[in-house]
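**Q** Give me a 3D structure for the following:
(one chain, ligands or ions: 1)
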Amino acid sequence: MFRTCGGLRARAGPSAGGWQPLNFDGGAFNLKGTGELLRALLVLRLCAWPPLVTHGLTLQVWSRRLLGSWLSRALLRGSIYGQFVAGETAGEVEGCVQQLQRLCLRPLLAVPTEEEPDSAAKTGEAWYEGNLHAMLRCVDLSRGLLETPGSADHVLMQLKMTALTSTWLCKALTSLVRDPRASLELSPERLAEAMDSGQDLQVSCFKAEQNHHLRASLSRLHQVAQYARTQRVRLLVDAEYASLNPALSLLVAALAMRWNSPREGGPWVWNTYQAYLKDTHERLKQDAEAADKAGLAFGVKLVRGAYLDKERKEARLQRTEDPTQPDYEATSQSYSRCLELMLTHVSRRGPVCHLMVASHNEDSIHQATKRMWELGIPLDGPVCFGQLLGMCDHVSLALGQAGYAVYKSIPYGSLEEVIPYLIRRAQENRSVLQGARREQKLLSQELWGRLLGRA
Ligand SMILES: Cc1cc2nc3c(=O)[nH]c(=O)nc-3n(C[C@H](O)[C@H](O)[C@H](O)COP(=O)(O)OP(=O)(O)OC[C@H]3O[C@@H](n4cnc5c(N)ncnc54)[C@H](O)[C@@H]3O)c2cc1C
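**A** Next up, the predicted model:
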């Protein structure tokens, strides 16, 4: 049986005497059932085993052949799917979210869509229109999940741009963004105007097919942002590959002109910054200052970055400079500098500037909570924390119990839709899964403690 969020918060609030580092020693696992802990330990051990992650899709096909569809599905539901996915139906997602809410955690729903850059298989407007409807349903679901008083402006969801516009268009836009001669034609103002008015937009060097897809993409983005705004759901746009990000940032900037303007309040549309890219700190500084100067609200999800291996492989293939930091320490240093920059902006600009510290890293979280205290940023104000569902619950629970705003990024959908997505994410986050050893140790300790009847 779970204890309620409010009751625990009173016991675990921040010390009145000053900042105290949070205890990520697994104490908060006592909030979870033994079955859940066992599943978490088993799944994290399995995911830290490289062949399972590398050959996940092939293994899934073989398990269906050998065990039959029913048994194979049941195994997946009881393990990986159950650990990392909220469920398939709205009712299942609701059940999962209610459980999180009892533990002082909030949902950050993510529609799992799969598309690799340059994959031709899924292109065509119909696929993007289907994704648009999935995003609109996600807005509804996110809104419906948090119908508690006082939570009106706490509803966030993730949005993957390449579910609504193709990677080939993003690459073409990226090339243009990098060309100073094209900057007037592709200014955020011009795109924002086209989105708002629905007027025809022609980019002179684009072919008819590209212009047509750009118009359709702008219309989809406008529809999602408009609907999310009316439902008071904040959209956190994911960062993707370095070859696409300049285009994604241009589209976010266009959406921000409209939806983060002073008359709208907000920020309703946030961008994601990946600390593993060498130019991120400089870009974040410029964007934060530009938003301030323009009087726009500014929302940031700060991550280390998920596509390290692919970025490096691509740079080797193209014989271009590797855009990523040389090692883990450099990425962490960059994360720390970006965090400091954003917290200072939040403390100066107040609630028009929002930040999600999206990380499982205990040092980054200590830095954030310490600086929040020093800068007088309220615990449940414009700074929140984000972790993936099923990952680092010892960190999320400790934060939530201490009264910080904590979101769990939650994919949902049918097994067939979600498993390929999960396997891809596991391949991208291999180092994180292998680094979850501390979580495994804490889970084992808690389970042994229960077995031996220790309090
Ligand atoms: C809520 C949420 C939303 C997210 N959204 C996005 C998103 O939009 N886009 C995105 O790309 N990722 C996203 N991520 C994933 C994120 O970028 C990280 O991959 C993940 O969180 C692991 O980083 P960490 O800070 O939690 O953990 P840590 O274990 O401290 O860091 C691992 C990370 O360090 C970096 N790293 C590891 N080894 C090296 C090396 N040798 N050289 C340089 N850097 C290295 C990599 O970025 C790696 O992912 C999201 C994560 C969360 C929790």
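**Q** Make sure N271 is indeed in a strand.
**A** Yes. Under DSSP: H, G, I helix; E, B strand; the rest coil, N271 falls within a strand.
**Q** right, and it touches G299 too?
**A** Yes. The criterion here is C-beta atoms under 8 Å, and N271 meets it with G299 at 7.3 Å. C-beta coordinates here come from the backbone N, C-alpha and C atoms, glycine included.
**Q** Have a look at those two and say which one is more surrounded.
**A** G299 (27 against 24; other C-beta atoms under 10 Å).
**Q** Name the residues linked to the more buried one by a beta bridge.
**A** H354 (DSSP bridges).
**Q** isn't it right up against V352?
**A** No. Between G299 and V352 there is no contact under C-beta under 8 Å: 9.2 Å.
**Q** Mind listing the shared neighbours of those two?
**A** 266-267 (C-beta atoms under 8 Å, 6 or more residues apart in numbering).
**Q** Report how many residues lie close to R349.
**A** Counted with other C-beta under 10 Å, R349 comes out at 16.
**Q** Repeat that for Y328.
**A** Y328, neighbours per other C-beta under 10 Å, totals 13.
**Q** Quick check, pLDDT for it.
**A** What the model reports as pLDDT for Y328 is 95.
**Q** ok, now K122?
**A** Reported pLDDT for K122: 54.
**Q** So that it lines up with my notes, have the first residue be 23 from now on.
**A** Yes, from this point I'll number from 23; that puts the last item at K144.
**Q** Pull up the per-residue confidence for D222.
**A** So D222 comes in at 80 (pLDDT).
**Q** Not counting its neighbours along the chain, what's nearest it?
**A** R237 (6.7 Å; C-beta to C-beta, 6 or more residues apart in numbering).
**Q** And that neighbour, which helix or strand is it part of?
**A** helix 230-252 (DSSP states H and E).
**Q** And the contacts of that helix?
**A** Counting by C-beta under 8 Å, 6+ apart, 147, 150-151, 154, 157-158, 161, 179, 181, 183, 186-188, 191, 194-195, 213, 216-218, 220, 222-225, 228, 256-257, 273, 276-277, 280-281, 286, 290-291 sit against helix 230-252.
**Q** mind listing what's buried in that helix?
**A** With burial defined by 16 or more other C-beta atoms under 10 Å, the residues of helix 230-252 counted as buried are 232-233, 235-240, 242-251.
**Q** I'd like the next helix or strand past it.
**A** According to DSSP H and E, the helix or strand after helix 230-252 is strand 256-259.
**Q** Stretch 67-85 spans what distance, first to last residue?
**A** 19 Å (C-alpha to C-alpha, to the nearest Å).
**Q** Is the ligand within reach of it?
**A** No. Legend: contact between stretch 67-85 and the ligand by C-beta under 6 Å from any ligand atom is lacking; minimum distance shown is 12.8 Å.
**Q** OK, contacts around M179?
**A** So M179 contacts 130-132, 160-161, 164, 250, 255-258 (C-beta under 8 Å, 6+ apart).
**Q** try it again with 7 Å
**A** Applying C-beta atoms under 7 Å, 6 or more residues apart in numbering to M179 gives the contacts 130-131, 160-161, 164, 255, 257-258.
**Q** Rebuild the residues you listed as JSON lines, extending it with distance to P43.
**A** Formatted as JSON lines, the contacts of M179 follow (distance: C-beta to C-beta, whole Å):
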{"residue": "L130", "distance to P43": "25"}
{"residue": "L131", "distance to P43": "31"}
{"residue": "C160", "distance to P43": "35"}
{"residue": "V161", "distance to P43": "37"}
{"residue": "S164", "distance to P43": "32"}
{"residue": "V255", "distance to P43": "33"}
{"residue": "L257", "distance to P43": "33"}
{"residue": "L258", "distance to P43": "27"}
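**Q** Of these, which is the nearest to the ligand?
**A** Proximity of the contacts of M179 to the ligand was ranked by C-beta to the nearest ligand atom; the top entry is L130 with 6.0 Å.
**Q** Can you check the pLDDT for that closest one?
**A** 97.
**Q** ok, it to N233 distance?
**A** 34 Å (C-beta to C-beta, to the nearest Å).
**Q** picking that back up, derive a PyMOL selection command for the buried subset of the contacts of helix 230-252.
**A** Remark: buried members of the contacts of helix 230-252, expressed as a PyMOL selection using 16+ other C-beta under 10 Å:
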select buried, resi 150+154+157+158+161+179+181+183+186+187+188+191+194+195+213+216+217+223+225+228+256+257+273+276+277+280+281+290+291
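**Q** Just the ones in helices from the contacts of helix 230-252, please.
**A** Mapping those onto helices (DSSP state H) picks out 147, 150-151, 154, 157-158, 161, 191, 194-195, 213, 216-218, 273, 276-277, 280-281.
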